[in-house]
Each structure stands twice: as structure tokens, then as C-alpha cells.
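> could you look at this predicted model? Sequence included:
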Amino acid sequence: MSLPRVMLVGPWKWTAGGVTTFMNNVECSSLRETYQFVRFNIARPAKRNVADNYGYAAVWRGGWGRVAVGLMVTLWHIATFPLALAIKRPAVAQIQSSDFQVFWEASLYVLMARLLRIPVLMRLGGAFDHFYGVSSPRARTMIRRVLLWPDRLIVQSQYWRQLVEQLGRTDGIVVLPNSVPDILVETSRPSERDPGVCFFAAGSEALRKGFAELLEAVRFLRTEGNRARLHVVAANDELRRQLADAGEGDLVLVDGVLTHAQILEAMKHAEIFLLPSRAEGFPNALVEAMALGLAPIATPVGAIPEIVEGTGAIIVPVNNPRALACAIAKLAADPALRAQIGEASREVVRSRYTHRSVMPILAEAWQSLAR
């Protein structure tokens, strides 16, 4: 007897962000024993040397050639999606959504799945609250309607559940946080670590994640003689230049694009995780850093307060480099506090955010629709 098929619709190619990590985690989890996964890629080729890939205007930041290629690729996805549904005939289609253009594109896939009578879940990601807040009144009306279309709406925390309930979706909501493999929480950390190393993941949305604030905080730290080291990964040429201007020799370590495994390995050698974001959904990198025992410094946006609750993590105001610098200096000077927050973070992930805890929630959602 063949296994029921689940079509996972999301960015499989050309990306390595949190959504792709989530889908890879699902595909590699114990769910593969009871479901057959079918991939449908909706990603566009990545933009090169872009640090602000957020908002509607981001479509132009890759140049006119990238706009043309992205448009053709998107039209191809939209045209072939109903054909893929008709051929594969999945028991359930799960569509990854986000904010801005990605939300509207995902709404088309949800609508096509409904028209073909395929049970559909839409997983809501990205900084959706900010996206809704900056939308026009007409767009907000349409956003609220789209939230009613999928049979199940997957949100990543109670914060997001409360938001979509306020927007009119009150039933069929599944709270499914990001999760990490169980073994990651039990991974031993290197015995020799450089004390006070701060880890920051840049990527194509570095500005939204607080890169400018981090640069200013680094300047404050240098002025005050603090020698906390900074390790930045996924930095493109422009970010490298700015870091070189702000850093002092080997106190700033910069890496370009790394694989997910390499990023996790780099985290093991740090003790502080920095996420001074201006807007967030449910940052997977934060959960991974906590699983590896890093002490987080973050802003109170999206689901972050809910994720770090009970850890003692330091929360700083949005767009406040001085507060960020003070938090870094505090943790860099206090090994015992770093260790205490790091161990509490691991315990929170162990109890709430491992595959063992999370994946059964997704399995139940699929089963209820397949029935």
C-alpha cells in the first residue's frame, strides 16, 4: 500500500533561509515513514550582493535582468502548479507563505488547490504583522480574505495565532513552531571556546535583522575599549566593506555564504547570539543557537519574546545601538551569566522546540485533512 502524498510547496532551490530549513527538517523527520513527500519549488534565483531584500521594493534591488528572470520563473511556477497537482494528486498540499509578494503568490497556489479539491494548509511566516501594518486598507481587506481560504492555517506561535484571530480567522488554526532535531540539543560544545564571541547571521535581509544597529554598537564597544569579538556569516561584498570600516583587525571575523551545517558548526564556537531585528516571524536561527547553548541578545519583535521566555535572554529595544552595545558588554564580561542563560536556553528548546515535540502536531493536521 502506497503512502499518502504530501506536496510541500515552498522555496526548495537557490535559498537556505528559515523556510527551506523548516521543509528540510520535515522531509528528514520521522514523518517520512508515514508520508511520501512531493516537492514543488516556488523560489526565484537569489539576488547577488543584496543586504536589504525586504518589502515590495526589494524586487528591484537585483537589477532589471533579475526582475525579468524572476517574473518568468514565477509565471512558470503558477502555470505548472495545477498540472503538478493533477499528476501527483497529493492527499494534502502544504504551501509556505510569507509577507509582501510571497504572500500574494502563495494565495494563488492556495486558490488553485481549493479549485482542484485538494485539502490545503498555508503556513504563515515572515514578519506578517509588519506586512499587514504597512498595507493599504484595500490590501488589508484582501489579506483577511486570503487567511480564510486554506483548510488549515499554520502559525508559528501563540503571538501569531492571536494576530490572525484578530484579523477574522478563528478556526482551523494550527500552532506549529519551528523545531530542531533532538540530537542538536544534546550536541556537545567544544571545550575550548573564545570567550565572548558574538555570532550574527547576515544574509540577504541583513538590514531587517539589525545589521546597521550592530555596526553602530560595535563602534560604541570599540570606543569604550570592550574587546568582545564578532563573527558575521553570510556577508556579501558590501557588508564586508562596512564591517572592515567598523572593525579592528581580527576582532571582526567575516564569512561569506556557508552551508547550513557550516553555520551550525560556527555557532558552536560562539557564546552569544545576536538578533537585533526590526521585524521577525519565528526565527529558526534563534532556536538553533539556543539549542547549542548560546546566550541570546534580541529585540521584542514577532515571536521572539515567546521563544526566549524563561531563559533570561537579554531583550533590547528595536533600533537602539547603545542598548545593544551595553548588552554585549554585559554578557562578554560575565562568563557565569552566559553559561546560565545558555543552559536555560537549551532546556527551553529541549522541552518545547524539538522535532519530537513539534512534528506530531503537523502529522495530526495532515491526518485530519486526509480523512
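Great, that's in hand.
> send the alpha carbons of stretch 104-116 over as CSV?
Coordinates of each C-alpha in stretch 104-116 appear next as CSV, following Å, rounded to 0.1, in the frame of the first residue of the first chain:
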residue,chain,number,x,y,z
TRP,A,104,0.1,37.1,-2.8
GLU,A,105,1.8,34.4,-4.8
ALA,A,106,1.1,31.8,-2.1
SER,A,107,-2.6,32.9,-2.2
LEU,A,108,-2.8,31.9,-5.8
TYR,A,109,-1.5,28.4,-5.0
VAL,A,110,-4.0,28.0,-2.2
LEU,A,111,-6.8,29.1,-4.5
MET,A,112,-5.7,26.6,-7.2
ALA,A,113,-5.5,23.8,-4.8
ARG,A,114,-9.0,24.6,-3.5
LEU,A,115,-10.4,24.7,-7.0
LEU,A,116,-8.9,21.2,-7.7
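> what is the burial count for the residue lying closest to Glu216 once chain neighbours are set aside?
Nearest residue to Glu216 in three dimensions, chain neighbours excluded: Pro321, at 3.5 Å (CB to CB, 6 or more residues apart in numbering). Placement of C-beta: from N, CA and C, glycine included. Pro321 has 20 neighbouring residues, counting by other CB atoms under 10 Å.
> residue ranges of each domain in the chain, please.
Using automatic domain parsing, the domain ranges for the chain come out as 5-179+355-370, 182-352.
> lowest average pLDDT across these?
Set side by side, those give their lowest mean pLDDT on domain 182-352, at a mean of 88.
> and that one, how far out from the chain's middle?
Relative to its parent chain, domain 182-352 has a centroid offset of 15 Å by CA atoms, centre = their mean, to the nearest Å.
> how far does it stretch from one end to the other?
11 Å (CA to CA, to the nearest Å).
> next: stretch 350-361.
16 Å.
> centre of the chain versus that stretch, how much separation?
17 Å.
> for stretch 116-131, same thing?
On the basis of CA atoms, centre = their mean, stretch 116-131 sits 14 Å off its chain's mean C-alpha point.
> stretch 144-164 too?
Worked out by CA atoms, centre = their mean, stretch 144-164 lies 17 Å from the chain centre.
> how about stretch 16-30: buried residues?
Residues of stretch 16-30 classed as buried by neighbour count (16 or more other CB atoms under 10 Å): Ala16, Gly17, Gly18, Val19, Thr20, Thr21, Phe22, Met23, Asn25, Val26, Ser29.
> so the second one sits against Ala201, correct?
It refers to Gly17. No: in this structure Gly17 lies outside contact range of Ala201 using CB atoms under 8 Å: 9.9 Å.
> so what sits against both of those two?
Listed contacts common to Gly17 and Ala201 are nil; contacts here mean CB atoms under 8 Å, 6 or more residues apart in numbering.
> just give me the neighbour total for Ala285.
Ala285 has 23 neighbours, counted by other CB under 10 Å.
> how about it: what's its closest non-neighbour residue?
Ala201 is the one closest to Ala285 (CB to CB, 6+ apart), at 5.4 Å.
> OK, contacts around that neighbour?
Here Ala201 is in contact with Lys209, Val232, Val233, Ala234, Ile263, Ala285 (CB under 8 Å, 6+ apart).
> I'd like the distance between it and Leu286.
10 Å (CB to CB, to the nearest Å).
> any residues in contact with both of those two?
With CB under 8 Å, 6+ apart, Ala201 and Leu286 have no common neighbours.
> give the contact list for the nearest residue to Thr187 once chain neighbours are set aside.
What sits nearest to Thr187 in space, not counting adjacent residues and going by CB to CB, 6+ apart, is Leu292, at 6.5 Å. Counting by CB under 8 Å, 6+ apart, Leu292 makes contact with Leu184, Thr187, Arg189, Leu264, Met267, Lys268, Arg346.
> just the ones of those in helices?
If you go by DSSP state H, the contacts of Leu292 have Leu184, Leu264, Met267, Lys268, Arg346 in helices.
> with distance to Arg145 and neighbour count added, can I get those residues in TSV?
Output for these, formatted as TSV (distance: CB to CB, whole Å; neighbours: other CB atoms under 10 Å):
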residue	distance to Arg145	neighbour count
Leu184	39	19
Leu264	40	18
Met267	41	24
Lys268	45	15
Arg346	42	21
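> thinking again about what came up before, which residues touch the residue nearest to Glu216?
Glu213, Leu214, Leu215, Glu216, Ala217, Arg219, Phe220.
> so how far is Gly126 from it?
25 Å.
> please compute how far the helix or strand hosting Val174 lies from its chain's middle.
Secondary structure from DSSP states H and E places Val174 in strand 173-175. Mean-position distance between strand 173-175 and its chain equals 18 Å (CA atoms, centre = their mean).
> which of the residues in stretch 31-40 are classified as buried?
In stretch 31-40, residues buried by neighbour count (16+ other CB under 10 Å) are Leu31, Tyr35, Phe37, Val38, Phe40.
> just give the nearest non-adjacent residue to the second one, would you?
To tie it back to what came earlier, the one meant is Tyr35. Counting by CB to CB, 6+ apart, the nearest residue to Tyr35 once its immediate chain neighbours are dropped is Val6, at 4.9 Å.
> how about the last one?
Across the structure, with CB to CB, 6+ apart as the measure, the residue nearest Phe40 apart from its sequence neighbours is Val9 (4.6 Å).
> so what's the residue count around the one you found?
29.
> which residues are in contact with the strand or helix carrying it?
Assigning secondary structure by DSSP H and E places Val9 in strand 5-10. By CB under 8 Å, 6+ apart, the surrounding residues in contact with strand 5-10 are 19-20, 23, 26-27, 35-43, 81, 84-85, 88-96, 106, 109, 118, 366.
> and stretch 145-158, by the same measure?
Outside stretch 145-158, the residues that touch it by CB under 8 Å, 6+ apart are 94-95, 103, 107, 110-111, 114, 119-125, 161, 163-164, 167-169, 172-178, 281-282, 302-303, 306-307, 362, 365, 368-369.
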